[in-house]
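Visitor: Sequence isn't available, so here's the structure alone:
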C-alpha cells in the first residue's frame, strides 16, 4: 500500500494538503447556505405572521360589527352583549366593546378595565402590528347603508402567536444544523475519494525515484482528470520499464521481439475492449442510482411550483426547473449513447402519420423558436403521408436535429419539410444558422463535437445530439445527410420508408414529456375523484419516497410508506390499499416478486405500477410474471397522478 497511514484530522489540518483549502471551501459554502436560508426563512415567516394577526383580528371585528349593527343602531345593550360573546371563540381577544355613534360604550366583553369608557366620534383605521408586541388594539367603524352607526374596539394578546413563531424558527434551525452536518460528512467522504489517488500517486512517484521500480502501480481511479493522470503515469512507468528491458534484451533475436510486441498489442486491444464493455456495464448498472435523485428532485419541484409562491420564489423555482431539466437531459444523453452502443435499443416499425409528428414538433419547438424571435414553418404534401418506422425513435432523432437548428440559429428561421420521393419520405430540416465548414461535415456526427461552442457551454449540451442521431439512423435503417455553408445555414435530410399497407391503423407517437411548471399534477377537478384513496409506496430511497408522498398527499390521497418489500408484507393491513407504487430494485426481494406475493394473498386483482431507473427494461419484461405496468424514472407528477386515475376510474 502506497499511502501512509495518517489520521483524518492530521490530514485535514495539514496546510500543505490540497484537502485543506477544499475542506475550508466546503465548510464555508455550507455555513453560508445555512445562514442565508435561516435568515430568509425568519424574515418571511415574521412578515407572514404579522399579516395573519392583522387579518384574523380584522376578520373577527368585521364579523362582530356586522352581527351587532342593528343592536348598535337601536342601542340594544342585551343583544349587543350577546353578539360580543362570539369572541369566546377567539382566545387571543382579551376584551372587546361596542360603542354608539356618539362614542358611548354600549356593551363589553372581557376585562372592561382595559377598554376606554368613551371613544371619539371618528374611528381610526386598523394599525399595523408592532414587531414582537405583547398586545394589539383594533378600532373599526360599524356602518349601515354607508352610514357610520357606531364602532367596535378590540384588545388582544399576541403571546401565542409569537410562541408559535419562535418554535417554528427553532425547529427550522435544528433541521438546518442536522442537514448541514450530514452535508459536511458526505462532502468530506467524497473529498477523501478525490484526495486518496492523488496521495497514492505522489508516494508511487517517490518510490519509483528512490528504488528504481518502474512497474505500474495499482491505484484505484475513476474516469476523470485524476484518472487520466494516473493512467499517464502508469503509461510512463511502462515505457521506462520497457526501455530498460529492451536495452537488456537487445541481443535477442528479432523474431522474439516481434512476438513480444504482438502479444503486447493484443493485450492492449483486449484491455481497450474490456474497458469499453466495462463502461457500458457501469452506465447500465448506475442508471438506477443516477435516476433516483433526479426523480425525487422533479417531483419535489413540481409539487413546489404548484404551491402558492411569491414572484421571487417563482423565479428561483423556474431556475431550478431549468437546472433539473438540463441535468436530466445530460444524464439521458449519456445513458442513450450507452444503450445504443450496447444494442439494447431495437426498432419496432409501425404506421405513423406525418401529421402526428408535425403536431408534436410544433407543440415542443414552436414556443422555443418564438422565444428567440425565429420563424418556424412546415412544408408537407397535400395528400396524407404515412411512414412505416418506429415512431418514438424517429421523433427522438428529429428532435435532436431540430433542437440543434434552433440552438445555433440567431436570425431567420427553421423549416421542417416532408416530401415524397418514390417509396421513401424525405424529411428535411432547414435553418439559417451559423452553418458548418465543409471539412467538419463528417465529424459533426462524432461524440462531443460542437460547432460554434469553443467555450464548451453546458447550456448548449454535451455534443452528443448528432452522435445519437447517427446511431438512431443505423437502428432505423434510414439514410441521413447534411448540407451546409458557413454563415448561411444547414440542411439535414433523413430518408424514411413510406407505409405500403395504408389500410392498417395509424399509430400515434408518444408526445414529448417535460416539467410542466403550471400543471405538475392532474387538474383539480380530475384529482378530486382520488381524494381519500389509500396508496402504498414501497421505495428504499428516502428522498424519492418522500417526494411521492408529498405529491400524493397534496392531492388528498392517504399514503403509507415502506422501505422494503419484507416490511410491507409484514403489515397486516397491506392488502387493504387501493393502489401500490413499488420500486423494482429493493433490498431483499424485488418489487415484482412483492406484487406476485401480494396477489396470492387476495382474491381480487390488485392495482399496482412498478417504478424503475433501470435502462435494461427487457430484464423486467422477460421475468416469469411481467404483467405489471412499468414506468421509467424520472417520472413526472402528472404521469403518476394520471396512472392512478387511469387504473382506479
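Guide: That came in fine, so what should we check first? Everything numeric here is computed off the predicted structure, so don't read it as measured data.
Visitor: For the helix or strand hosting residue 26, which helices and strands make contact with it?
Guide: Per DSSP states H and E: residue 26 is located in helix 19-73. Applying 3 or more C-beta pairs under 8 Å, 6 or more residues apart in numbering; DSSP states H and E, one finds that helix 19-73 contacts helix 8-12, helix 77-84, strand 93-100, strand 105-110, strand 135-144, strand 147-157, helix 159-211. (Each C-beta comes from the backbone N, C-alpha and C, glycine too.)
Visitor: ok, 10 Å please
Guide: Helix 19-73 sits against helix 8-12, helix 77-84, strand 93-100, strand 105-110, strand 135-144, strand 147-157, helix 159-211, helix 311-341, with contacts defined as 3 or more C-beta pairs under 10 Å, 6 or more residues apart in numbering; DSSP states H and E.
Visitor: Check which strands are paired with the fifth one and give the direction for each one.
Guide: This means strand 135-144. strand 147-157 (antiparallel) (DSSP bridges).
Visitor: now swap in the third one and tell me
Guide: Strand 93-100 sits in its sheet next to strand 105-110 (antiparallel), strand 147-157 (antiparallel), going by DSSP bridges.
Visitor: shouldn't residue 487 be in contact with residue 410?
Guide: No - contact between residue 487 and residue 410 fails when scored by C-beta atoms under 10 Å: they sit 11.2 Å apart.
Visitor: what about these two, which has more around it?
Guide: Taking other C-beta atoms under 10 Å, residue 487 and residue 410 do not tie; residue 410 has more neighbours (11 against 8).
Visitor: ok, that one touching residue 372?
Guide: Yes - between residue 410 and residue 372 there is a contact at 7.2 Å, judged by C-beta under 10 Å.
Visitor: which residues touch the closest residue to residue 134 other than its chain neighbours?
Guide: What sits nearest to residue 134 in space, not counting adjacent residues and going by C-beta to C-beta, 6 or more residues apart in numbering, is residue 158, at 6.3 Å. Residues in contact with residue 158 (C-beta atoms under 10 Å, 6 or more residues apart in numbering) are 49-50, 53, 57, 92, 129-130, 132-136, 165.
Visitor: give me phi/psi at residue 158?
Guide: Dihedral pair for residue 158: phi -110, psi 10, per degrees, to the nearest 10.
Visitor: that older thread, with mean pLDDT and mean neighbour count as added columns, please give the helices and strands packed on helix 19-73 in JSON lines.
Guide: Formatted as JSON lines, these follow (pLDDT from 0 to 100; neighbours: other C-beta atoms under 10 Å):
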{"stretch": "helix 8-12", "mean pLDDT": "51", "mean neighbour count": "12"}
{"stretch": "helix 77-84", "mean pLDDT": "85", "mean neighbour count": "18"}
{"stretch": "strand 93-100", "mean pLDDT": "86", "mean neighbour count": "23"}
{"stretch": "strand 105-110", "mean pLDDT": "86", "mean neighbour count": "20"}
{"stretch": "strand 135-144", "mean pLDDT": "83", "mean neighbour count": "18"}
{"stretch": "strand 147-157", "mean pLDDT": "85", "mean neighbour count": "21"}
{"stretch": "helix 159-211", "mean pLDDT": "78", "mean neighbour count": "14"}
{"stretch": "helix 311-341", "mean pLDDT": "70", "mean neighbour count": "15"}
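Visitor: could I get the ones you listed as JSON lines with distance to residue 570?
Guide: JSON lines is the format used below for the helices and strands packed on helix 19-73 (distance: least, C-beta to C-beta, whole Å):
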{"stretch": "helix 8-12", "distance to residue 570": "40"}
{"stretch": "helix 77-84", "distance to residue 570": "57"}
{"stretch": "strand 93-100", "distance to residue 570": "51"}
{"stretch": "strand 105-110", "distance to residue 570": "55"}
{"stretch": "strand 135-144", "distance to residue 570": "53"}
{"stretch": "strand 147-157", "distance to residue 570": "50"}
{"stretch": "helix 159-211", "distance to residue 570": "29"}
{"stretch": "helix 311-341", "distance to residue 570": "35"}
